[in-house]
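> Sequence and predicted model, in that order:
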Amino acid sequence: MDTAERLAAIEEIRQARAKYWRGVDACDGELVKSVLAKDCVLEYFGCCTDPQSGVDYLPAMNVALRGRDQWLSDGMARFGIVSVHQGNQSEITVTSATTAEGVWAFTDRMWFPPGGEFRHLVGWGHYHETYVVEDGAWKIATTRISRIRVQVE
Amino acid sequence: MDTAERLAAIEEIRQARAKYWRGVDACDGELVKSVLAKDCVLEYFGCCTDPQSGVDYLPAMNVALRGRDQWLSDGMARFGIVSVHQGNQSEITVTSATTAEGVWAFTDRMWFPPGGEFRHLVGWGHYHETYVVEDGAWKIATTRISRIRVQVE
Amino acid sequence: MDTAERLAAIEEIRQARAKYWRGVDACDGELVKSVLAKDCVLEYFGCCTDPQSGVDYLPAMNVALRGRDQWLSDGMARFGIVSVHQGNQSEITVTSATTAEGVWAFTDRMWFPPGGEFRHLVGWGHYHETYVVEDGAWKIATTRISRIRVQVE
């Protein structure tokens, strides 16, 4: 790849990540799936555990989604959850014409229906990801989350 | 446009957006106007309504600014408001050599003078925009806001 | 520099900034130093002063770090502080083949050990920076911070 092609790959990967988050927050499962590799592995282990206190606020989230077809079409709306995912600085490295890896700083917020233990969870951390070209487009192949801080109110 | 030119357009558009927000938060009207198209249409309808509760915290914001010359030189300082606008992941698509469209995830915060109903409003959502080349530079042509959540304290 | 080279410089600078922040938050001093110029000047004056009230929450932060070797290998872990730094929209301008300047909107958060005056400090503002090519890579040469708002709880 020449310089322009490499930069175009990075741009396309960033926009794929943006579509994933917009799809999650809009409960638009088709938009999410449009940027997932067919055999993607999305790991959410530890995503709701505060590393400072060790408290896991949502043990049900310690799962991995294996394969694009496992994505729920209605997302978190099924549970009455409203979410906001926001990406910040990212480090994307193209490792070949069809593979790349990346780290994203991010914040996510979830608001839960009344009656639970807490109404709002907010977390800060990083996504660690790999990407592949599939059907002529960059897709998310794997993701896992590391946390700096998770808190509820 | 070749690949490098298309990527340069995306970069310039992102920096125009950054100047707009920096201008708003610094109450620097000239900086904001430097990145607005002459006949821009900036719609703020619904920008202070929480979609979850339906509450509109600032009905006065349900306005559209039509034309760059309508921008107030002193911005929100006139009302004693301090603001922070922060852009996150964005999807910018160049649709021709002189037109483009984009979606930005963002947070905005406003702090109000004492004595009002609330001191701080924070909102999360997306800007949906179009851009044009005017006088040899990319400018914001239209914008509208969709919200996921707005809250006050 | 041609267009692709200029864009590659901007991309590399953004990723250098991301590594700096990731290194700070992970207390990984080697990662931070890998993106600092040998004779860098990092000014933190005013970084913990709220411009609205004039209160300086951490007067000890009014310092400048001069030279990469001054960076503490263990960072804020020495003080029991947990930090999250998040970059938002940025304006990077390449001024020559080996120099550039930039402005970044950002949020930073610090959580302090129990027993102090406050547990959490959050600030919003901008980094104003210059960059240089050194040993074949873009590095942070100078930085200073301007604030819109700083608050504690």
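Nice, I can see it. Numbers count the residues shown, from 1 in each chain, chains lettered A, B, ... in the order given.

> Okay, buried residues for the helix or strand harbouring A:Val24 please.
Using DSSP states H and E, A:Val24 sits in helix A:3-25. Applying a neighbour-count criterion of 16 or more other CB atoms under 10 Å in any protein chain shown, one finds A:3-4, A:6-25 buried in helix A:3-25. C-betas here are computed from N, CA, C, even on glycine.

> where does whatever residue of chain A ends up closest to chain C land in three-state SS?
In chain A, the residue found nearest to chain C is A:Gln89; the distance is 3.8 Å by CB to the nearest CB. Recorded secondary structure, A:Gln89: strand (DSSP: H, G, I helix; E, B strand; the rest coil).

> re the thing from before, so the next helix or strand after the helix holding A:Val24, near chain B or not?
Where DSSP H and E defines the elements, the next helix or strand beyond helix A:3-25 is helix A:29-33. No - Helix A:29-33 lies out of reach of chain B by CB under 8 Å from any CB of the partner chain, never closer than 10.7 Å.

> name the helices or strands packed onto helix A:29-33?
helix A:3-25 (3 or more CB pairs under 8 Å, 6 or more residues apart in numbering or on different chains; DSSP states H and E).

> Can you report the mean pLDDT over the residues of the helix it packs on?
Mean per-residue pLDDT for helix A:3-25: 98.

> Identify the residues contacting A:Cys40.
Residues near A:Cys40 by CB atoms under 8 Å, 6 or more residues apart in numbering or on different chains: A:Leu65, A:Arg66, A:Gly67, A:Arg68, A:Lys139, A:Ile140, A:Ala141, A:Thr142, A:Thr143.

> 7 Å instead, please
Contacts for A:Cys40 (CB atoms under 7 Å, 6 or more residues apart in numbering or on different chains) come out as A:Gly67, A:Arg68, A:Ile140, A:Ala141, A:Thr142.

> By neighbours, which of those wins?
With neighbours taken as other CB atoms under 10 Å in any protein chain shown, the top of those is A:Ile140, carrying 24 neighbours.

> Next, that residue: secondary structure please.
strand.

> if I look at it, how far off is C:Asp25?
Per CB to CB, to the nearest Å, A:Ile140 is found 23 Å from C:Asp25.

> Which residue, neighbours along the chain excluded, lies closest to A:Trp21?
A:His85 (4.1 Å; CB to CB, 6 or more residues apart in numbering or on different chains).

> and that neighbour, what element?
Element membership for A:His85 (DSSP H and E) is strand A:82-96.

> How about the residues of chain A by chain B?
Chain A comes close to chain B at residues A:4-5, A:7-8, A:11, A:14-15, A:17-19, A:21-22, A:25, A:82, A:84, A:86-88, A:111, as judged by CB under 7 Å from any CB of the partner chain.

> what sits against A:Lys19?
A:Lys19 neighbours (CB under 7 Å, 6+ apart): A:Leu31, A:Ser34, A:Val35, B:Glu91.

> in those, which two residues are the furthest apart from each other?
Spatially, the most separated pair among those is A:Ser34 and B:Glu91, at 12.1 Å (CB to CB).

> Who has more neighbours out of those two?
Between A:Ser34 and B:Glu91, counted using other CB under 10 Å, the more crowded position is B:Glu91 (18 against 15).

> so how far is C:Arg147 from the more buried one?
The value you get for B:Glu91 to C:Arg147, if CB to CB is used, is 30 Å.

> next one: A:Ser96
Taking CB to CB, one finds A:Ser96 at 43 Å from C:Arg147.

> When the two are compared, which one has more neighbours?
Comparing A:Ser96 with C:Arg147 by other CB under 10 Å, the one with more neighbours is C:Arg147, at 16 against 10.

> Quick check: that one touching C:Tyr127?
No - counting by CB atoms under 7 Å, C:Tyr127 is not a contact partner of C:Arg147; they are 10.7 Å apart.

> Please see if stretch A:2-12 touches chain C.
Yes - judged by CB under 7 Å from any CB, stretch A:2-12 comes into contact with chain C through A:Thr3, A:Ala4, A:Leu7, A:Ile10.

> Put the alpha carbons of that stretch into CSV.
Below are the C-alpha coordinates for stretch A:2-12, written out as CSV (Å, rounded to 0.1, in the frame of the first residue of the first chain):
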residue,chain,number,x,y,z
ASP,A,2,1.2,3.5,-0.7
THR,A,3,0.8,6.3,1.9
ALA,A,4,-2.6,7.5,0.6
GLU,A,5,-4.0,3.9,0.6
ARG,A,6,-2.7,3.4,4.1
LEU,A,7,-4.4,6.6,5.3
ALA,A,8,-7.6,5.7,3.5
ALA,A,9,-7.6,2.4,5.3
ILE,A,10,-7.2,4.2,8.7
GLU,A,11,-10.0,6.6,7.8
GLU,A,12,-12.4,3.7,6.8
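
> Show me which residues of chain A are close to chain C?
Near chain C, when you scan chain A using CB under 7 Å from any CB, you find A:3-4, A:7, A:10, A:52, A:88-91, A:103, A:105, A:107, A:124, A:148-149.

> Show me which pair in the residues you listed is furthest apart.
Every pair of the residues of chain A next to chain C checked by CB to CB; the farthest is A:Ala4 and A:Gln52, at 43.6 Å.

> Excluding chain neighbours, what is closest to A:Ala16?
That would be A:Val35: by CB to CB, 6+ apart, it lies 4.1 Å from A:Ala16.

> Apologies, that question was intended for A:Tyr44.
Closest residue in space to A:Tyr44, ignoring its immediate chain neighbours: A:Met61 at 5.1 Å, by CB to CB, 6+ apart.
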